[in-house]
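Student: Sequence and predicted structure below; questions after.
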Amino acid sequence: MNRNEKSKKRRESEFHHAVNLRHLVSQISGCDRMGLHEAMEAYSELRLIERRTHKWAEDMCNFDLYADMTEEEEDRAREGREKRILRRVHLILLDSEEKIPIEINFDPRGYALKIDNEWMKANQNIDFFRDWGGYGIIAPDFRIE
């Protein structure tokens, strides 16, 4: 597969995922609140948050990021950062009531932003990228190596 074919395939996959994001938003909100252009922008923003959160998970695994803090201070700092990240993701998904159970996976071997697998099982009508555990992947990377 040449570079142009890979690029086209990636863009098609990204567009398909944006359509699914749009469907997800309309299902939880009960109305069509996100156009395709906004869905593509949302996907781009979510990819950026995914990359940054994944980097944080890698750094937490490889380095002692909170070496100068007590365990209690570390927990507060980590929880505060988690809340800010999740609040931003819910805001992008127009999910102000936080109906979608999004969680941060701190295992650096996989995606960082995931939708709970039980919620995904209950909402099979949402055609969404999933990992092997059935978790919904909010911002998958469609680059082809």
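Tutor: Structure's in. What do you need? None of the values given here were measured: they were computed from a predicted structure.
Student: what about the helices in the protein?
Tutor: 3-29, 36-62, 71-92, 117-122 (DSSP state H).
Student: Leu93 touches Arg22, doesn't it?
Tutor: No. Applying C-beta atoms under 8 Å, one finds Leu93 not in contact with Arg22, separated by 10.2 Å. Any C-beta I mention is one placed from the backbone N, CA and C, and that applies to glycine too.
Student: count of residues packed around Val89?
Tutor: For Val89, the neighbour count with other C-beta atoms under 10 Å is 23.
Student: Excluding chain neighbours, what is closest to it?
Tutor: Ile102 (5.6 Å; C-beta to C-beta, 6 or more residues apart in numbering).
Student: next one: Cys61
Tutor: Pro108 (5.0 Å).
Student: List the contacts of the residue nearest to Val89.
Tutor: Ile102 is in contact with 86, 89-90, 113-116, 138, counting by C-beta atoms under 8 Å, 6 or more residues apart in numbering.
Student: Just among those residues, which is most surrounded?
Tutor: Ile138 (26 neighbours).
Student: From Lys99, how far off is that one?
Tutor: Separation of Ile138 from Lys99 (C-beta to C-beta, to the nearest Å): 14 Å.
Student: Now do the residue lying closest to Asn123 once chain neighbours are set aside, the pLDDT please.
Tutor: Excluding the flanking residues, the one nearest Asn123 by C-beta to C-beta, 6+ apart is Gln27, at 7.4 Å. Per-residue pLDDT puts Gln27 at 84.
Student: what about Gln27, neighbour count?
Tutor: Other residues close to Gln27 by other C-beta under 10 Å number 13.
Student: Same question for His37.
Tutor: His37: 9 neighbours (other C-beta under 10 Å).
Student: What confidence value was assigned to it?
Tutor: The per-residue confidence score, pLDDT, reads 91 for His37.
Student: and what of Asn2?
Tutor: pLDDT, Asn2: 87.
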